[in-house]
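Structure for the following, please:
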Amino acid sequence: MVDDEPNIRKTLSIALEAEGHRVSAVSNPKDALIEASGRYFDLALVDLRLGSESGIDLIGNLQAICPWIKCIVITAYASIDTAVEAMRRGAFDYLPKPFTNAQVSVLVGKVFEVKTLEQKVAALQERLKESVPEAVVESNSPAMQRSLAMARQVADSEATILIRGESGTGKTILAHAIHSWSGRCSKPFETLSCPSLSAELLESELFGHAKGSFTGALRDYPGRIAACEGGTLLLDEIGDLPLPIQAKLLRLLHDKAYERLGDLKTRKANVRIIAATNMDLESAIKTGRFREDLFYRLDVVEIVLPPLRERREDIIPLAESLLAFFARQNHRRILGFSENATEALRNYEWPGNVRELRNSIERSVLLCKDIRVGIHHLPLKLKPSGREPEAGDPVTMEELERTHIRRVLASSKSIEEACRILGMDSVTLWRKRKKYGL
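Next up, the predicted model:
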């Protein structure tokens, strides 16, 4: 709350705190910006006349620091036109003087409803990007059922969770589910992929940065921790986190405190951390690539997702669920799989796990013009005639290379990751894929 009249600050503070809100009250724009740069705020009540200064300019400055903040301007009847101008420049609403506590309560409730809806929409958009139906967090496999039961049991706690499993087993989907089962479900869920950025950019993306802290930092950036305040942050492939950032993450987990890049101000965080990895972290600790103390901080609750080949009872139910999902999405009338297609799906090893199954079913739906997906609609690798070479089989070097590239592509999240694993540039990999029909 920013108002130069002490009585208004005191009255509003008492009224809002009585409803359970935490309030910071200041008298001028300078103090307001200092408060906003150090803490998370959902709402700012800003008087349009702050002595010799204007509250209109403060609105833009607050939103530059906190893009998620909602601003309500306080104005006298004589300056309603100014209030309308403030709303054109980003204010959420205005409160005319004199006002009652009931009017304030109604406006604050309105802000709460809008922010809750925004968070739900953001969560839905994130899930639509994933485009994976909920069947991924259901299972007939005893091993998977144990993992899901543990996830549900600890979801509503504040414990840090480490999800382990091969690439494509559904670690991100499970993290989403844990968030949705928790008391933080109405707050944001954010995912940060640790291998996707350089060390400096990763630190900036995670903790935020101050303007001018590095080349290209043209404005303050709050970072993912601030963006999901009150919610859940998933650190995907935590094993690839650079060592200097591991130390800072350890402090965040221990003290709930951090600093933005290029800014010495310590900030507090209210965020639940979930980490995911397909890496053998114990081996990484022995080779000095992962901190042992960070491992034990992350490993409060460990949930292991078995690979799809070890939960074969789930392959056909998952395939049928994905088939129905993609058929609806693509407006196709497909009733199921042929007997041969079902057998091929059941017998394949699925090195890319659920992600590879998902991609295979989506492809089949797009190619199928019948009411059932046949074996000829499935990728060549699933067909009996397309059996891959096993250890000891007499095969050519080309066949070995084709098999290895296919497996790496199936288990990688992106072409860039596949290139890194294979030791190829993207042009070479493109030529190989074209040559082998991958």
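
need the strands for the stretch 301-438 of the chain, in chain order.
301-304, 336-337, 372-373 (DSSP state E, counting those that start in this stretch).

pLDDT averaged over the longest one - what is it?
Here the mean pLDDT over strand 301-304 is 95, rounded to a whole number.

And it, how far out from the chain middle?
Centroid separation between strand 301-304 and its chain, computed with CA atoms, centre = their mean, to the nearest Å, is 19 Å.

all numbers from here: first residue = 8
With 8 as the first residue, the last one maps to strand 308-311.

Break the protein down into its domains, please.
Listed domain ranges for the chain are 13-122, 149-313, 315-394, 397-445 (source: automatic domain parsing).

which of the ones you listed has the lowest average pLDDT?
domain 397-445 (a mean of 77).

And stretch 410-420, what's buried?
For stretch 410-420, the neighbour count (16 or more other CB atoms under 10 Å) marks 410, 412-420 as buried. C-beta: built from backbone N, CA, C; applies to glycine.

nope, stretch 58-78 is what I meant
Buried-residue list, stretch 58-78, by 16+ other CB under 10 Å: 61-63, 65-66, 69-70, 72-73, 75-78.

what's the first-to-last distance across that stretch?
19 Å (CA to CA, to the nearest Å).

again with stretch 155-169
Taking CA to CA as the measure, stretch 155-169 stretches 13 Å from start to finish.

Any chance you could list what contacts it?
144-146, 181-182, 184-186, 188-190, 245, 260, 279-284, 304-310 (CB atoms under 8 Å, 6 or more residues apart in numbering).

Stretch 56-63 too?
By CB under 8 Å, 6+ apart, the residues outside stretch 56-63 that reach it are 9-11, 34-36, 53-55, 65, 80-81, 83, 86, 89, 92-93, 96.

If any of these are buried, put those into a PyMOL selection.
Filtering those down to the buried ones (16+ other CB under 10 Å) takes a single PyMOL command:
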select buried, resi 9+10+11+34+36+53+54+55+65+80+81+86+89+93
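
Residue 330 against residue 380, yeah?
Yes. With contact defined as CB atoms under 8 Å, residue 330 counts as touching residue 380 (6.7 Å).

where do the contact lists of these two overlap?
Common neighbours of residue 330 and residue 380 (CB under 8 Å, 6+ apart) are 341, 343-344, 371-372.

and the longest helix for this structure?
For the chain, the helix reaching the highest residue count under DSSP state H is reported as helix 108-137.

what's that helix packed up against?
Helices and strands touching helix 108-137, by 3 or more CB pairs under 8 Å, 6 or more residues apart in numbering; DSSP states H and E, are helix 13-25, strand 50-54, strand 77-83, strand 100-104, helix 178-188, strand 196-200.

Can you tell me which of the buried residues of stretch 410-420 lies closest to residue 267?
Nearest to residue 267, judged by CB to CB, of these is residue 420 at 28.0 Å.

Relative to residue 220, how far out is that closest one?
29 Å (CB to CB, to the nearest Å).

Residue 214: neighbouring residues, count only.
Neighbour count of residue 214, defined by other CB atoms under 10 Å: 24.

Residue 431 touches residue 437, doesn't it?
No. Using CB under 8 Å, residue 431 is not in contact with residue 437, being 9.3 Å away.

OK, contacts around residue 330?
Shown in contact with residue 330 (CB under 8 Å, 6+ apart): 341, 343-344, 368, 371-372, 380.

cool, and residue 263?
Contacts of residue 263 by CB under 8 Å, 6+ apart are 275-277.

swap in residue 424?
residue 202.

Look up how far residue 441 lies from it.
20 Å.

burial measure for residue 281, as a count.
Number of residues near residue 281 (other CB under 10 Å) recorded here: 27.

tell me what whichever strand or helix holds it is packed against?
Counting by DSSP states H and E, the element that carries residue 281 is strand 279-284. Contact here means 3+ CB pairs under 8 Å, 6+ apart; on that basis strand 279-284 packs against strand 168-171, helix 178-188, strand 239-243.

Can I get those in JSON lines including distance to residue 300 and mean neighbour count?
What follows is the helices and strands packed on strand 279-284, written out as JSON lines (distance: least, CB to CB, whole Å; neighbours: other CB atoms under 10 Å):
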{"stretch": "strand 168-171", "distance to residue 300": "14", "mean neighbour count": "24"}
{"stretch": "helix 178-188", "distance to residue 300": "23", "mean neighbour count": "21"}
{"stretch": "strand 239-243", "distance to residue 300": "16", "mean neighbour count": "24"}
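
nearest to residue 320, of those?
Comparison of the helices and strands packed on strand 279-284 against residue 320 by CB to CB identifies helix 178-188 as nearest, at 18.4 Å.

so who does residue 226 touch?
Counting by CB under 8 Å, 6+ apart, residue 226 touches 71, 218.

Regarding it, which helix or strand does it belong to?
Remark: residue 226 resides in no helix or strand, with elements defined by DSSP H and E.

give me phi/psi at it?
phi -150, psi 160 (degrees, to the nearest 10).

For residue 70, see how far away it is.
11 Å.

Residue 40 reaches residue 70, doesn't it?
No. Taking contacts as CB under 8 Å, residue 40 lies outside contact range of residue 70: 11.4 Å.

wait, what's in contact with residue 422?
With CB under 8 Å, 6+ apart, residue 422 has these contacts: 433, 436.

If we use 10 Å, what do you get?
Residue 422 makes contacts with 416, 433, 436-437, 440, as judged by CB atoms under 10 Å, 6 or more residues apart in numbering.

Export the helices and strands packed on helix 108-137 as JSON lines, with columns for distance to residue 255.
Formatted as JSON lines, the helices and strands packed on helix 108-137 follow (distance: least, CB to CB, whole Å):
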{"stretch": "helix 13-25", "distance to residue 255": "34"}
{"stretch": "strand 50-54", "distance to residue 255": "29"}
{"stretch": "strand 77-83", "distance to residue 255": "30"}
{"stretch": "strand 100-104", "distance to residue 255": "38"}
{"stretch": "helix 178-188", "distance to residue 255": "21"}
{"stretch": "strand 196-200", "distance to residue 255": "13"}
